[in-house]
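Undergrad: Build me a model:
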Amino acid sequence: MQTHISFIIKTCFFHLRRIASIRRYLTHDACVKLVVSLIFSRLDYCNSLLAGLPASSIHGLQRVQNAAARLTLRKTKRDHITPLLRSLHWLPVNTRISNKLSTLVYKCFNDSAPEYLQSSLDLYTQPSDRPLRSAADPLRLHIPRSKLASAGQRAFPSTGPSVWNSLPLELRQSPSPLDAFKSRLKTQFFP
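TA: Numbers count the residues shown, from 1 in each chain. Sure, this is the predicted structure:
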């Protein structure tokens, strides 16, 4: 994945330099639209495959997002990045990955995801010999054990349920439409 991440970083910084050369001619809204279409389309493409990677691998993608926020808001490297991301309503890269995984699991529950993804998720069944606190959670997913420590734990059948189970129960049980779920999810993940 490191080759793929390096290519994304290189391409995004190329586009950021090109946007920076014309930034003084752009309005704020036009710059945001340009950055979202050129940079975030690359950062978000297949980013659920990056789930479970070490933070050192994702750090380069976060640097791209930070540079895009600074360019959009005309700030310097010395300005703190968290308020900038918050003012633009942009989630950090690792949170964007969790957001996408949670949305995929939600689609699996509502039969709007592909069949192969739906079949890879199993509801957690409680052992019959003793009652557990998890019995009150009907939408808890089973996290399968994998033989491969690196690739197996990063696959959707493992990462999807672990992210889903970490969400609050009222968010997982909401029978809301997809757009409302995405809005509530972003509110949950926003720092």
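Undergrad: How is the chain divided into domains?
TA: 2-90, 98-189 (automatic domain parsing).
Undergrad: what helices or strands is the helix or strand where Ser102 lies leaning on?
TA: Element membership of Ser102, judged by DSSP states H and E, is helix 93-109. On a contact count with 3 or more Cβ pairs under 8 Å, 6 or more residues apart in numbering; DSSP states H and E, helix 93-109 meets helix 41-44, helix 55-73, helix 115-118, helix 156-166, helix 178-189. (C-beta placed from N, C-alpha, C; glycine too.)
Undergrad: Return the list of helices and strands in contact with the next helix or strand after the longest one.
TA: The helix or strand immediately downstream of helix 55-73 is helix 81-88, counting by DSSP H and E. Helices and strands touching helix 81-88, by 3+ Cβ pairs under 8 Å, 6+ apart, are helix 55-73.
Undergrad: same question for the helix it packs on, mean pLDDT?
TA: Averaging pLDDT along helix 55-73 yields 95.
Undergrad: Now do it: which elements does it pack against?
TA: Looks like helix 55-73 contacts helix 2-22, helix 28-35, helix 41-44, helix 81-88, helix 93-109 (3+ Cβ pairs under 8 Å, 6+ apart).
Undergrad: and it, which residues are buried?
TA: Across helix 55-73, burial judged by 16 or more other Cβ atoms under 10 Å covers 58, 60-62, 64-73.
Undergrad: Columns distance to Lys100 on top of those residues, output as a markdown table?
TA: Formatted as a markdown table, the buried residues of helix 55-73 follow (distance: Cβ to Cβ, whole Å):
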| residue | distance to Lys100 |
| --- | --- |
| Ile58 | 13 |
| Gly60 | 18 |
| Leu61 | 13 |
| Gln62 | 16 |
| Val64 | 17 |
| Gln65 | 15 |
| Asn66 | 20 |
| Ala67 | 22 |
| Ala68 | 18 |
| Ala69 | 20 |
| Arg70 | 24 |
| Leu71 | 24 |
| Thr72 | 22 |
| Leu73 | 25 |
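Undergrad: Which one of the residues you listed is nearest to Gln118?
TA: Gln118 lies nearest to Ile58 out of these, by Cβ to Cβ, at 27.5 Å.
Undergrad: ok, Arg23 - contacts?
TA: Neighbouring residues of Arg23 by Cβ atoms under 8 Å, 6 or more residues apart in numbering: 31, 71, 74.
Undergrad: try 10 Å
TA: Shown in contact with Arg23 (Cβ atoms under 10 Å, 6 or more residues apart in numbering): 16, 30-31, 34, 71-72, 74.
Undergrad: gap between it and Ala68?
TA: 11 Å (Cβ to Cβ, to the nearest Å).
Undergrad: Identify the contacts common to the two.
TA: Joint contacts of Arg23 and Ala68 (Cβ under 10 Å, 6+ apart) are 16, 31, 34.
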